[in-house]
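In: The following block contains a protein sequence and its predicted model.
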Amino acid sequence: MCFMKAKIITLLSIFILISCQKNDIDVFNGKDTSLEKLSGQWIVVNYWADWCAPCIKELPELYEFAKENSDISVYVFNFDELDEEDLRPVAKRFGLMLPSLISHPREIWGIETPPAVPATFFINPDGELVKSLFRPQTKDSLNSILASIK
């Protein structure tokens, strides 16, 4: 009886440990993650759409910004909320190399869908939204903004 209790407790402990490590943020073109894993780092989220010319022009700038700032997590989110299946050909068409959130930023950080795109949001290491931008950005403008809010 004691052996069975110990086995049940061990299995229950393993189950709880595994469920605590769950990735609750779905990402296309990158690794799924969780708030816990992102805690303590700067995050940039950019809303874009394939029908938005300034967004398409901005994507390479965001990619270069991400490459220069490997300590920051940079994500894009499709304004039309495409699922993975619909996002795949769009990402291929535009050469999207940034990780794209499938989970809505509203559910993760409370960022509502902006009225227009492109829109870029900076989230500090405490998980707080600290800067919202509602115009196209360049790698240099993003670096300047980051320096000013750090």
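Out: Arrived safely, thanks for sending.

In: got any ranges where this structure has weak pLDDT?
Out: Where the chain drops to pLDDT under 70, the residues are 1-23.

In: Would you list the phi and psi of the residue nearest the centre of it?
Out: Closest to where the C-alpha atoms of the chain average out (C-alpha atoms, centre = their mean) is Y75, at 3.8 Å. Phi and psi for Y75, reported as degrees, to the nearest 10, are phi -130, psi 150.

In: Distance check, it against F28.
Out: Distance of Y75 to F28, given as C-beta to C-beta, to the nearest Å: 10 Å. The way it works is simple: take the backbone N, C-alpha and C, and place the C-beta from them, glycine included.

In: Can you get me a residue count around the closest residue to R135 other than its chain neighbours?
Out: For R135, ignoring the flanking residues on the chain, the nearest one in space by C-beta to C-beta, 6 or more residues apart in numbering is P118 at 7.3 Å. The local packing of P118 (other C-beta atoms under 10 Å) involves 24 other residues.

In: Please apply the same query to D126.
Out: For D126, using other C-beta under 10 Å, the count is 8.

In: Tell me the spacing between it and E64.
Out: 27 Å.

In: And S141, by the same measure?
Out: Taken as C-beta to C-beta, the span from S141 to E64 is 12 Å.

In: same thing with P115?
Out: Taken as C-beta to C-beta, the span from P115 to E64 is 27 Å.

In: One more: P114?
Out: Taken as C-beta to C-beta, the span from P114 to E64 is 23 Å.

In: How about K131?
Out: K131 is 19 Å from E64, by C-beta to C-beta.

In: and V90, what is it in contact with?
Out: Listed by C-beta atoms under 8 Å, 6 or more residues apart in numbering, the contact set of V90 reads D50, N78, L82, L96.

In: Which stretches in this protein count as helices?
Out: With helices called from DSSP state H, the chain shows them at 2-20, 35-38, 53-68, 84-94, 105-109, 139-149.
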